[in-house]
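*Asks:* the following block contains a protein sequence and its predicted model.
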Amino acid sequence: MRRWGIRHVSMSDVATQAGVSRGSVYRYFSDRDALVQAVLERVAEAHVAEAEPAVRRRRSLAGKVAEAAVFIRHLADDERRLGLREHPGEPALATLQLAASPAMFARWVDFWIPFLDAARAEGEVRADLDVRQASEWIMRILISLVTVPSTTVDLDDPAQLRRFIESYLVRGFRN
């Protein structure tokens, strides 16, 4: 993927790089899209596991979401390793492709539910908050921070990004 990008990598490319036949690659992946999706999901799962301790350290829900946003915006090392930075538009494409996977998006939504439950128990958010819907809303906001440029905030500045998230996130969950 580093060499050809997620749009152009082929099963033959993977087989050649791995030193196996194309048939061997097809034994594990039904097609190119399945292979790309599997690689992206593996990397995304590693990111979730890596981000969780930093997110847990924050005391407030807004702080936790802000920490996740900063983490997501600074995945440059993995993006470089996969070659996403060398191919214009691919970091956003990878994010959108993952978000379009019902299983992956559900995993991301599930990640936030315990944090929202804790925030509800602490009175940080209203008692009747639908935590599944709120969790989905958080994920949609985080995805937009990767895929949509900002006209008012430097999304690559951790301090600005944290202030931006913390200024707006929990207000809608309170009343």
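*Replies:* Looks like it came in fine. Numbering: from 1, shown residues only.
*Asks:* could I get the full set of helices for this structure?
*Replies:* Taking DSSP state H as the test, the helices found in the chain are 11-18, 22-28, 32-57, 61-73, 76-82, 90-99, 102-121, 131-147, 158-168, 171-174.
*Asks:* looking at those helices, which is nearest to G5?
*Replies:* Each of those was scored for nearness to G5 using C-beta to C-beta, and the closest is helix 90-99 (5.7 Å). In short, each C-beta sits where N, CA and C put it, glycine included.
*Asks:* would you single out the least confident of the helices of the chain?
*Replies:* Within the helices of the chain, the stretch with the lowest mean pLDDT is helix 76-82, showing a mean of 53.
*Asks:* next up, phi/psi of R58, please.
*Replies:* Comment: the main-chain dihedrals of R58 come out as phi -80, psi 140, following degrees, to the nearest 10.
*Asks:* what's near enough to touch it?
*Replies:* When contacts are counted by C-beta atoms under 8 Å, 6 or more residues apart in numbering, R58 touches 64, 66-67.
*Asks:* can you give me the pLDDT of it?
*Replies:* Note for R58: predicted pLDDT of 95.
*Asks:* quick check: it vs A134, distance?
*Replies:* In this structure, R58 and A134 are separated by 17 Å, where distance is defined by C-beta to C-beta, to the nearest Å.
*Asks:* winner for burial among the helices of the chain?
*Replies:* When you average the neighbours per residue for each of the helices of the chain (mean count of other C-beta atoms under 10 Å), helix 61-73 leads with a mean of 21.
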